[in-house]
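A.B. asks: Okay, structure incoming, though there's no sequence with it:
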């Protein structure tokens, strides 16, 4: 009788310990993950060095857009684009700022007429972007991220 009691006790302990260890290993492998990530927004926009001191996120975005526009417009003005006809068009320049702050041209959406009248437009924009200083990259969840945005360039009376 003592042998049977001892056998049942050992079997009970083994079964209980196996289920205890099984639950413990499962709980250790669970990792809490925040699955709601908005990939369309960033916590902080890419910044030019002179826009860093602005405290408001919206004003930082405006500062970035203004600085970028001014730089590209100055470059276009410097090259004095000459067209045989009057050009009134909006060109959409798609830019990418990588997670190291390097800016590059992703694409240009330009009408065929404007492309014919201003064949050097895309190369001027590329050169202009190469002359930009390194930017602070956009930030998402305290990490630098690559961002893309579209900058409209309005061409009038060339």
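C.D. replies: Yep, that arrived. Everything numeric in this text was worked out from a predicted model, so none of it was measured. Numbering: from 1, shown residues only.

A.B. asks: and the residue lying closest to residue 135 once chain neighbours are set aside, how many residues sit next to it?
C.D. replies: Nearest non-adjacent residue to residue 135, counting by Cβ to Cβ, 6 or more residues apart in numbering: residue 101, 4.3 Å away. C-beta here means a position set from N, CA and C on the backbone, and glycine is covered the same way. Residue neighbour count, defined by other Cβ atoms under 10 Å, stands at 17 for residue 101.

A.B. asks: Please name the residues that touch residue 101.
C.D. replies: Neighbouring residues of residue 101 by Cβ atoms under 8 Å, 6 or more residues apart in numbering: 46, 134, 135, 136, 137, 144.

A.B. asks: Now rank the residues you listed by neighbours and give me the top one.
C.D. replies: residue 46 (26 neighbours).

A.B. asks: what pLDDT does the nearest residue to that one once chain neighbours are set aside get?
C.D. replies: Spatial nearest neighbour of residue 46, excluding adjacent residues (Cβ to Cβ, 6+ apart): residue 97 at 4.2 Å. If you check residue 97, the pLDDT there is 92.

A.B. asks: quick one on the thing from earlier: between all of the contacts of residue 101, which two are at the greatest distance?
C.D. replies: 134 and 144 (12.0 Å; Cβ to Cβ).

A.B. asks: low-confidence ranges in the protein?
C.D. replies: Residue ranges of the chain with pLDDT under 70: 1-3, 5-12, 14-39, 80-83, 157-158.

A.B. asks: looking at this, residue 107 is in a helix?
C.D. replies: No: the assignment for residue 107, made by DSSP: H, G, I helix; E, B strand; the rest coil, is strand rather than a helix.

A.B. asks: and it, how far is that from residue 13?
C.D. replies: 69 Å (Cβ to Cβ, to the nearest Å).

A.B. asks: who's more crowded, those two?
C.D. replies: A direct count of neighbours by other Cβ under 10 Å for residue 107 and residue 13 places residue 107 higher, at 13 against 10.

A.B. asks: Is the nearest residue to that one once chain neighbours are set aside in a helix, a strand, or coil?
C.D. replies: Using Cβ to Cβ, 6+ apart and skipping the chain neighbours, the partner closest in space to residue 107 is residue 94 (4.4 Å). Of the three states, residue 94 takes strand under three-state DSSP.

A.B. asks: Residue 151: how many residues sit nearby?
C.D. replies: Considering only other Cβ under 10 Å, residue 151 is surrounded by 14 other residues.

A.B. asks: cool, and the one 3 residues further on?
C.D. replies: Residue 154 sits with 10 neighbouring residues when counted by other Cβ under 10 Å.
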